[in-house]
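Q: sequence unknown, structure follows:
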């Protein structure tokens, strides 16, 4: 059975954890609010993503060595504590720049652990003949979280400020932590089982193609995450309107949500149109004078 209690519980835990991560799509507003520039946004948001990528070889080994559930627990603890540590940073951005970069690196590692452990856990428990469907439907909860997180962040930041925002994001991650604790470990490594290195798998011909496509998507997504919220705020201030950052990010997350729900049976060779749409989509973003680029 695919949709059993274990699957649903892990999906709910993933929903809360990813919602916490998605709320930080509006973190560039915090940077601007503390006197940061566009360069600061790029560096601070970029180092988060960079740390999440560079640590993956060690995370993949850890997930096999100590188990999926324990790894997910470690990741959830990190992303629960880190938002609270941001509260300790007081003063202008220049005064807290290095500590902030350090916290962003650790935060990125925590998110990477959660993502890797969650999907490997689900891959272990779903029936082999429904593996694609199981992973696809589990991924939908992440897409919902990426849509919910910015909406919650928009409301909290606008009404209560960034201090409450950090408490709320920590609470979201804590819900993911608590929900998954009753679950059993899905994988136990045999003492005689041989280990395949991360890089030997990555540099296989078929794997490398997927890695390159993922890198292409990652560049575009990182740019959108880093700059769409300050861009939206700037254009709305010039038009004397109220910025709605969550609407932009929610719309971008909503389209893949529909694909996840209704297109989970699609084959990998059907990704071509989506690559083309994502390549051209940034050209339709309006400039400050109201025209498109």
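A: Yes, it's here. None of the values given here were measured: they were computed from a predicted structure.

Q: next helix or strand past the helix or strand encompassing residue 44?
A: Per DSSP states H and E, residue 44 falls inside helix 38-54. Per DSSP H and E, helix 38-54 leads on to helix 56-66 as the next helix or strand towards the C-terminus.

Q: which other helices and strands contact the helix or strand where residue 144 lies?
A: Assigned by DSSP H and E, residue 144 belongs to helix 131-160. Where contact means 3 or more Cβ pairs under 8 Å, 6 or more residues apart in numbering; DSSP states H and E, helix 131-160 is packed against helix 5-23, helix 97-125, helix 162-180, helix 245-262. The C-beta positions use only the backbone N, C-alpha and C, and glycine is treated the same way.

Q: can you mark which positions in the second one are buried?
A: Of the residues in helix 97-125, those with enough neighbours to count as buried (16 or more other Cβ atoms under 10 Å) are 97, 100, 103-123, 125.

Q: can you count the residues close to residue 216?
A: 13 (other Cβ atoms under 10 Å).

Q: so residue 15 makes contact with residue 147?
A: No: judged on Cβ atoms under 8 Å, residue 15 makes no contact with residue 147 at a distance of 10.5 Å.

Q: joint contacts of these two?
A: Where contact means Cβ atoms under 8 Å, 6 or more residues apart in numbering, no residue is in contact with each of residue 15 and residue 147.

Q: residue ranges with poor pLDDT in the stretch 1-150 of the chain?
A: Along the stretch 1-150 of the chain, no part satisfies pLDDT under 70.

Q: ok, residue 27 - contacts?
A: Neighbouring residues of residue 27 by Cβ under 8 Å, 6+ apart: 44-45.

Q: secondary structure element holding residue 182?
A: Following DSSP H and E, there is no helix or strand that holds residue 182.

Q: isn't it right up against residue 6?
A: No: using Cβ under 8 Å, residue 182 makes no contact with residue 6, being 9.5 Å away.

Q: the more surrounded of the two?
A: Using other Cβ under 10 Å as the criterion, residue 182 and residue 6 rank with residue 6 on top: 18 against 9.

Q: any idea how far residue 124 is from the more buried one?
A: Distance of residue 6 to residue 124, computed by Cβ to Cβ, to the nearest Å: 10 Å.

Q: again with residue 74
A: 17 Å.

Q: my guess is residue 186 contacts residue 118. True?
A: No: applying Cβ under 8 Å as the test, residue 186 and residue 118 come out as separate, 10.8 Å apart.
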